[in-house]
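Enquirer: here are the coordinates; sequence isn't available:
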């Protein structure tokens, strides 16, 4: 009889320990799920931020491309104007030389 009582007490103690471990496991599971949810929320926020940054990069890349095209056009215009002014100066110099030569020949 005494052995049965001891066995019953040990079974009761084992049951209580098992219940405690199960409750702790449930609490750990809940904490892990909460942490997982928090990490998922952070991930979503970071993905949203990344998308915004990528959109901004696209916008500035397009603006840079436009600015480079305008710069190329302005440089071409400047080169054309420089050549035009150079040609005018050359024509003036030729005209001046022709005038001087004509004056020199007439004297």
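Expert: Nice, thanks for sending it over. A quick note: this is a predicted structure, and the numbers were derived from the prediction, not measured. Numbers count the residues shown, from 1 in each chain.
Enquirer: any idea which helix or strand carries residue 105?
Expert: Following DSSP states H and E, one finds residue 105 within helix 2-106.
Enquirer: any idea how far that helix is from the chain center?
Expert: 0 Å (C-alpha atoms, centre = their mean, to the nearest Å).
Enquirer: Check stretch 97-107 too.
Expert: The answer for stretch 97-107 is 70 Å, by C-alpha atoms, centre = their mean.
Enquirer: Tell me how many other residues crowd residue 66.
Expert: By other C-beta atoms under 10 Å, 10 other residues sit near residue 66. From N, CA and C alone the C-beta is placed, and that goes for glycine too.
Enquirer: How much space separates it from residue 81?
Expert: 23 Å (C-beta to C-beta, to the nearest Å).
Enquirer: now residue 42
Expert: According to C-beta to C-beta, residue 42 and residue 81 sit 57 Å apart.
Enquirer: now residue 96
Expert: For residue 96, the distance to residue 81 - C-beta to C-beta - is 22 Å.
Enquirer: What of residue 38?
Expert: 64 Å.
Enquirer: quick one: pLDDT of residue 68?
Expert: For residue 68, the pLDDT comes out at 98.
Enquirer: Next, count neighbours for it.
Expert: 10.
Enquirer: Could you tell me how far it is located from residue 62?
Expert: 11 Å.
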